[in-house]
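**Q** output the structure for:
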Amino acid sequence: MKSTEGNLLSFFLCHFIFAVINLWLSVLAFKESTDGERTIKKQSIFIYAMWSLFIGGHFFIAFFKMPEVWKHTDTVTLFIVIAGVILTIAIAKIKKLPLLDAYVKAGLAVFFKSVPQVALAFSIYLYGERGLSGWWILLGNITIITRIVHLVVSNHQGWNRNTRGSLISEIWNEASWAVASIAWIVF
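**A** Predicted coordinates for the structure are as follows:
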């Protein structure tokens with residue numbers, strides 16, 4: 001890839017936060033798991049730890065490689081993400097859920113991932129798909145679906161709130177990545 005045009009720095013920042021939240025949920029799911037589930041729960045920890053490192057590296061590279069580091073779309077994206085975080089916390093307060101509840105973390109993860117991916121689709125509309133590889137789009141869908149399948153398979157002995165939280169965030173992740181994928185194909 002020679003160009004970063006069409007990419008958003010806020011996308012990488014929010015993606016990193018999403019991966020860290022899901023890493024946190026995976027660690028908590030592992031702590032609650034039975035002996036028979038521990039191996040597959042460790043795999044979830046490994047998956048999200050690798051994604052956290054990978055996306056953290058992506059953010060670092062993008063920060064130094066992008067000719068226009070921060071775009072207007074980044075500001076709007078973060079504004080909407082912050083509004084979503086406030087909404088999630090307000091709903092948690094209304095429902096009397098602790099802020100560290102798995103579903104609250106899932107709500108935060110949804111806003112940190114879905115909003116930037118829809119913003120990425122908008123950015124593709126504005127700037128074109130230059131800087132976005134077809135392989136990146138395809139592999140994004142494959143890795144998200146793989147994580148969803150892994151989460152479903154990892155709960156053959158029953159679901160806990162932390163794993164459900166990860167599953168909720170990954171389903172929204174795939175839905176919003178599908179929007180970005182369609183934008184990449186169309187524009």
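**Q** which residue lies farthest from the center of the protein?
**A** What lies farthest from the middle of the chain is residue 35; by C-alpha atoms, centre = their mean that is 28.6 Å.
**Q** residues contacting it?
**A** Residues in contact with residue 35 (C-beta atoms under 8 Å, 6 or more residues apart in numbering): none are found. In this view, the C-beta of every residue, glycine as well, is placed from N, C-alpha and C.
**Q** ditto for residue 118
**A** Residues near residue 118 by C-beta under 8 Å, 6+ apart: 176, 179-180.
**Q** top of these by neighbour count?
**A** Neighbour tally across these (other C-beta atoms under 10 Å): the maximum, 24 neighbours, falls on residue 180.
**Q** for the strand or helix carrying it, name the packing helices and strands.
**A** Secondary-structure assignment from DSSP states H and E places residue 180 in helix 161-186. Using 3 or more C-beta pairs under 8 Å, 6 or more residues apart in numbering; DSSP states H and E as the contact test, the elements touching helix 161-186 are helix 9-32, helix 102-127, helix 134-153.
**Q** next, the buried residues of that helix.
**A** 161-174, 176-177, 179-181, 183-184 (16 or more other C-beta atoms under 10 Å).
**Q** output the below-cut-off pLDDT ranges for this structure.
**A** Residue ranges of the chain with pLDDT under 70: 1-6, 130-131, 156-157.
**Q** pull the number of nearby residues for the spatially closest residue to residue 91 that is not a sequence neighbour.
**A** Nearest non-adjacent residue to residue 91, counting by C-beta to C-beta, 6 or more residues apart in numbering: residue 107, 7.1 Å away. When counting by other C-beta under 10 Å, one arrives at 24 neighbours for residue 107.
**Q** how near is residue 107 to residue 24?
**A** Counting by C-beta to C-beta, to the nearest Å, the gap from residue 107 to residue 24 is 14 Å.
**Q** and for residue 34?
**A** From residue 34 over to residue 24 (counting by C-beta to C-beta), the distance is 20 Å.
**Q** ok, the two, which is more surrounded?
**A** Neighbour comparison, residue 34 and residue 24: the larger count goes to residue 24, with 20 against 9 (by other C-beta under 10 Å).
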